[in-house]
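>>> here are the coordinates; sequence isn't available:
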């Protein structure tokens with residue numbers, strides 16, 4: 001997936017390249033995100049400055065491949081079930097209920113109750129009562145399951161100003 005998405009040790013990867021390829025291979029990909037890919041394809045950095053806070057934009061430009069994804073957007077929009085809106089916990093619940101594994105991007109500093117901003121992704125595979133059961137590949141977490149209270153997860157996603165990605169993945173007619 002790292003190669004498929006364009007991830008490197010120097011920069012994190014926006015996932016549209018990987019989701020497009022997996023959808024082409026028959027995986028069922030459902031993405032919910034306030035990021036308007038069609039606008040970004042047309043407007044470039046002007047759109048980014050409107051959407052992101054200065055801190056988040058600086059982080060994205062310095063630490064991700066956001067500038068490289070523009071040419072990939074038309075194919076992405078043709079192959080992935082994409083809903084341009086701010087994702088809510090209900091969206092995560094609906095995806096889980098439909099049998100998806102759910103990838104969520106968030107600010108790991110909020111998740112770990114430290115100051116600052118670090119864009120990070122976790123995989124949610126269940127909900128028990130008011131906690132989401134996740135695989136969090138973050139440093140020092142050892143790959144063990146992590147239970148995250150729903151309110152903490154929502155705040156780490158950005159709360160009412162959420163601009164993060166929620167993507168469901170399940171095997172459809174995949175060739176694996």
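Here it is on my side, so go on. Model, not experiment: these values are computed from the prediction.
>>> where do the strands of this protein begin and end?
27-33, 81-84, 101-107, 119-128, 131-135, 145-149, 165-171 (DSSP state E).
>>> can you put those in JSON lines and add distance to residue 156, mean neighbour count and mean pLDDT?
In this view, the C-beta of every residue, glycine as well, is placed from N, C-alpha and C. Formatted as JSON lines, the strands of the chain follow (distance: least, Cβ to Cβ, whole Å; neighbours: other Cβ atoms under 10 Å; pLDDT from 0 to 100):
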{"stretch": "strand 27-33", "distance to residue 156": "15", "mean neighbour count": "21", "mean pLDDT": "93"}
{"stretch": "strand 81-84", "distance to residue 156": "21", "mean neighbour count": "14", "mean pLDDT": "94"}
{"stretch": "strand 101-107", "distance to residue 156": "4", "mean neighbour count": "22", "mean pLDDT": "92"}
{"stretch": "strand 119-128", "distance to residue 156": "9", "mean neighbour count": "17", "mean pLDDT": "92"}
{"stretch": "strand 131-135", "distance to residue 156": "11", "mean neighbour count": "18", "mean pLDDT": "95"}
{"stretch": "strand 145-149", "distance to residue 156": "8", "mean neighbour count": "15", "mean pLDDT": "91"}
{"stretch": "strand 165-171", "distance to residue 156": "12", "mean neighbour count": "21", "mean pLDDT": "88"}
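>>> could I get those as CSV with distance to residue 45?
As requested, the strands of the chain are exported to CSV (distance: least, Cβ to Cβ, whole Å):
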stretch, distance to residue 45
strand 27-33, 18
strand 81-84, 19
strand 101-107, 20
strand 119-128, 18
strand 131-135, 32
strand 145-149, 33
strand 165-171, 19
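>>> residue 67 is nearest to which of the ones you listed?
strand 119-128 (15.0 Å; Cβ to Cβ).
>>> give me the contacts around that closest one.
Here strand 119-128 makes contact (Cβ atoms under 8 Å, 6 or more residues apart in numbering) with 12, 56, 59-60, 63-64, 92-93, 96, 101-108, 111, 132-138, 146-148, 150.
>>> now swap in stretch 64-74 and tell me
6-7, 11-14, 16-17, 20, 37-38, 40-41, 44-45, 48, 60-61, 119.
>>> now the buried members of these.
By neighbour count, with 16 or more other Cβ atoms under 10 Å, the contacts of stretch 64-74 hold 6-7, 11-14, 16-17, 20, 37, 40-41, 48, 60, 119 as buried.
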